[in-house]
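Q: Next one to model:
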Amino acid sequence: MSARSALHRYRRRLAWRAVHGLWAAAQRAGGITAETPAGQRFGAFGAGSLIGFPAGALYGERSIEIGSGTMIGAQVSLSAGMVPGQDLGEVPLLRIGDRCVIGRGSHLVAHYSITIGDDVFTGPYVYITDQNHGYADPDVPIGRQWPSNAAVSIGSGSWLGAGVIILPGAVIGRNVVVAAGSVVRGEVPDCCVIAGVPARVVREYVSGHGWTRRAPAPEHHG
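A: Below you'll find the model as predicted:
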């Protein structure tokens, strides 16, 4: 190996270490906690909670409450309302409980009411929203029609796998497992496993029998 080649490799190693060292320092310093200026913009930001760096889109923070001991991954977007600076009143639109974990790259988009209980864990890239676009008028572009809102709630102790989508009006019970990639709408009982598009109960906890597989619904032939 020539001296020039060795010097080039040495410089590349130094640059690599410098870049990664600076990035690690930025991640540590850039996290949002209750003590940081960004954390103080939230309606509530519990002790020991953290939003990882870099954060995704954050706006409507005054209408967002985060409990204690909750970890929100990097590139997670938390929004309340349609646009930054919108007057949303005194009632919080997005509430995340204590000891939750929200996976990297997830989007929680609140316009009306999203409530996440305590000890809820999600995988990465989960999407939760309480608003649907309207499409009643076929002559008006969908994006210009008035949307409809329906409250969303996710019960304590539940787990949402990677890529799950929670649609407006979903009411998920306690200790529910939502399989990766599922799309959830409607009501989901406590202590069950749901999967699919749309998600359906595939396993449930039955007192005295433990976890049992639910038989598929019979097909109807016209």
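Q: which non-adjacent residue is nearest Arg185?
A: Excluding its sequence neighbours, the residue lying closest to Arg185 (C-beta to C-beta, 6 or more residues apart in numbering) is Leu167, at 4.3 Å. No exception for glycine: its C-beta is placed from N, CA and C like everyone else's.
Q: Spit out the contact partners of the one you found.
A: Shown in contact with Leu167 (C-beta atoms under 8 Å, 6 or more residues apart in numbering): Thr129, Asn132, Val152, Val183, Val184, Arg185.
Q: Now the phi/psi pair for it, please.
A: phi -90, psi 160 (degrees, to the nearest 10).
Q: If I look at it, what pLDDT would I see?
A: pLDDT for Leu167: 97.
Q: one step back: closest one to Arg144 out of the contacts of Leu167, please.
A: For the contacts of Leu167, the residue nearest Arg144 by C-beta to C-beta is Asn132; the value is 14.4 Å.
Q: Does anything pack onto the longest strand seen in the chain? Which helices or strands?
A: Criterion DSSP state E: the longest strand present in the chain is strand 199-206. The contact analysis (3 or more C-beta pairs under 8 Å, 6 or more residues apart in numbering; DSSP states H and E) places strand 199-206 against strand 192-196, strand 210-213.
Q: hey, least reliable of these by pLDDT?
A: Of all the helices and strands packed on strand 199-206, the minimum mean pLDDT falls on strand 210-213 (a mean of 86).
Q: Name the nearest residue to Tyr59, sequence neighbours excluded.
A: That would be Pro84: by C-beta to C-beta, 6+ apart, it lies 3.9 Å from Tyr59.
Q: The one you found and Gly31, how far apart?
A: Going from Pro84 to Gly31 by C-beta to C-beta, to the nearest Å gives 21 Å.
Q: Tell me which of these two has more neighbours.
A: The residue with more neighbours, out of Pro84 and Gly31 and counting by other C-beta atoms under 10 Å, is Gly31; that gives 19 against 12.
Q: coming back round to it: minimum distance to Gly69: which of the helices and strands packed on strand 199-206 has it?
A: When the helices and strands packed on strand 199-206 are ranked by proximity to Gly69, the top entry is strand 192-196, at 26.0 Å, counting by C-beta to C-beta.
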